[in-house]
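Trainee: My questions concern the predicted model and sequence given below.
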Amino acid sequence: MNSNELAGIIVPVITPVDGQDRVDEAAYRALLRRLIKVGVHGVFAGGSAGEGPLLVFKEWERMVTVAFEECNGKIHLLGGTMDTSTRRVVERIKVLAQIGYQNFVVAPTFYVGAKLHSEQLRLFGQCKEHAEGMNMIAYNIPPCTGSIIPIEVMTDMTQRGWISYCKDSSQDMDYFRRLLKEAGPLGLRIFLGTERKASEALLAGAVGLVPTSANFEPGTFLAAYAARTDKQELARLQKRITSLVENLLLAPRMWLAGVKYTVSTTGFGSGRVVSPLEPLSAEEKQKIDTFLQANPLAAFPGD
């Protein structure tokens, strides 16, 4: 593993929890080991799929510690630090540094959100000051934070040497392409988190994908990354990816319930989401079960 270069399929791993919203350590370790075994390039622990900002701090710390124990030296590992203020984010960065992480992910602060250019530069600048040699990765996810990281801020941070990687989950391909065009030549490498546009992003020059559906079908995304210059093969794989998104990430209230339930059908965790998120209804579970019976999850060497 080249510790200095991130690329490929980085799985935003879910966090199995029990009825008291505590990390189900056995299930979490088993899922991480499965992802490592099938050959994913990395794991993003504590992101939105991992419910990092929803866990109490003690459980967040336990979650990122377990992820480090399982992944360190085997695959790349990114730690999510998302929170509501700079100091809260920095507190998480310090924990990751003490554990031994090499990569941490920062999104704009939320609730009272960081929306002005100056606010975002203040946040990322202070986080960089506490990086302790770790890579800082910018995370653009306006559906969760309520604000977008402007292209100008991304290019500014790249020129300052603060970041060389970002993840874009804006679901806006015009933004993604502008980012490639304007920040790419400056050295910014871009991961896409929008699964419906996976093939388009790889062909355009994304360095990799961060796909939620890879929690339960990593092989399809690994195949897509391997075929990243093959339009015909990518088109075939994209049909499967789109089908997964439409049929398994289906909860109208919260997509995460669909992800966690599907992962639970493969033997990892209970499918519970952190309160107050809405669990799937019996009808929604049946819809997923029906799809899986007709369209089994694709196996992959080592799975």
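Mentor: Looks like it came in fine. Bear in mind the structure is a predicted one, so any value in this text is a computation, not a measurement.

Trainee: where in this protein is pLDDT low?
Mentor: In the predicted model, the chain carries pLDDT under 70 at residues 1-3, 301-303.

Trainee: Just the CA atoms from stretch 196-213 would do, formatted as CSV, please.
Mentor: Extracted in CSV, the C-alpha atoms of stretch 196-213 (Å, rounded to 0.1, in the frame of the first residue of the first chain):
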residue,chain,number,x,y,z
ARG,A,196,-25.6,7.5,-10.2
LYS,A,197,-22.7,9.3,-11.9
ALA,A,198,-19.9,6.9,-11.1
SER,A,199,-19.0,5.9,-14.7
GLU,A,200,-19.3,9.5,-15.9
ALA,A,201,-16.9,10.7,-13.1
LEU,A,202,-14.3,8.0,-13.8
LEU,A,203,-14.2,8.7,-17.5
ALA,A,204,-13.9,12.5,-16.7
GLY,A,205,-10.9,11.9,-14.5
ALA,A,206,-12.1,11.2,-10.9
VAL,A,207,-9.3,9.6,-8.9
GLY,A,208,-11.8,7.2,-7.4
LEU,A,209,-15.3,6.7,-5.9
VAL,A,210,-16.7,6.8,-2.4
PRO,A,211,-19.9,4.7,-2.9
THR,A,212,-22.3,3.8,-0.1
SER,A,213,-23.5,0.8,-2.0
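
Trainee: Show me what the lengthiest helix in the chain is packed up against.
Mentor: Criterion DSSP state H: the longest helix present in the chain is helix 231-248. Other helices and strands packing on helix 231-248, by 3 or more C-beta pairs under 8 Å, 6 or more residues apart in numbering; DSSP states H and E, are helix 198-204, helix 218-226, helix 255-265, helix 282-294. No exception for glycine: its C-beta is placed from N, CA and C like everyone else's.

Trainee: Using CSV, write out every CA atom in stretch 231-244.
Mentor: C-alpha atoms of stretch 231-244 as CSV (Å, rounded to 0.1, in the frame of the first residue of the first chain):
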residue,chain,number,x,y,z
LYS,A,231,-16.8,3.2,-21.9
GLN,A,232,-18.7,0.1,-22.8
GLU,A,233,-17.9,-1.8,-19.7
LEU,A,234,-18.5,1.2,-17.5
ALA,A,235,-22.0,1.6,-19.1
ARG,A,236,-22.8,-2.0,-18.3
LEU,A,237,-21.6,-1.7,-14.7
GLN,A,238,-23.4,1.7,-14.3
LYS,A,239,-26.7,-0.1,-15.0
ARG,A,240,-26.1,-2.4,-12.1
ILE,A,241,-25.0,0.5,-9.8
THR,A,242,-28.1,2.5,-10.7
SER,A,243,-30.3,-0.5,-10.0
LEU,A,244,-28.7,-0.9,-6.5
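
Trainee: residues making contact with it?
Mentor: Taking contacts as C-beta atoms under 8 Å, 6 or more residues apart in numbering, the residues outside stretch 231-244 that touch it are 195-196, 198-199, 202-203, 211, 213, 217, 220-221, 223-224, 227-228, 295, 298.

Trainee: Just the buried ones among the residues you listed, please.
Mentor: Among the contacts of stretch 231-244, those classed as buried by 16 or more other C-beta atoms under 10 Å are 195, 198-199, 202, 211, 213, 217, 220-221, 223-224, 227-228.

Trainee: What separates the first and last residues of stretch 101-115, distance-wise?
Mentor: Separation of the first and last residues of stretch 101-115 by C-alpha to C-alpha, to the nearest Å is 28 Å.

Trainee: Also stretch 37-48?
Mentor: 23 Å.

Trainee: Next, the buried residues of it.
Mentor: 38-48.

Trainee: of all the residues you listed, which comes closest to Met254?
Mentor: Top of the list for closeness to Met254, among those and by C-beta to C-beta, is Ser48 at 10.6 Å.

Trainee: can you tell me which residues contact that closest one?
Mentor: Shown in contact with Ser48 (C-beta under 8 Å, 6+ apart): 12, 82, 141, 144, 169, 256.

Trainee: now Gly8
Mentor: Residues in contact with Gly8 (C-beta under 8 Å, 6+ apart) are 40-42, 208-209, 222, 225.

Trainee: Show only the entries of the residues you listed found in helices.
Mentor: When the contacts of Gly8 are checked against helices (DSSP H), the matches are 222, 225.

Trainee: May I see the contacts of Gly8 organised as JSON lines, with distance to Thr155 added?
Mentor: Output for those, formatted as JSON lines (distance: C-beta to C-beta, whole Å):
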{"residue": "Val40", "distance to Thr155": "30"}
{"residue": "His41", "distance to Thr155": "26"}
{"residue": "Gly42", "distance to Thr155": "25"}
{"residue": "Gly208", "distance to Thr155": "20"}
{"residue": "Leu209", "distance to Thr155": "23"}
{"residue": "Leu222", "distance to Thr155": "31"}
{"residue": "Tyr225", "distance to Thr155": "26"}
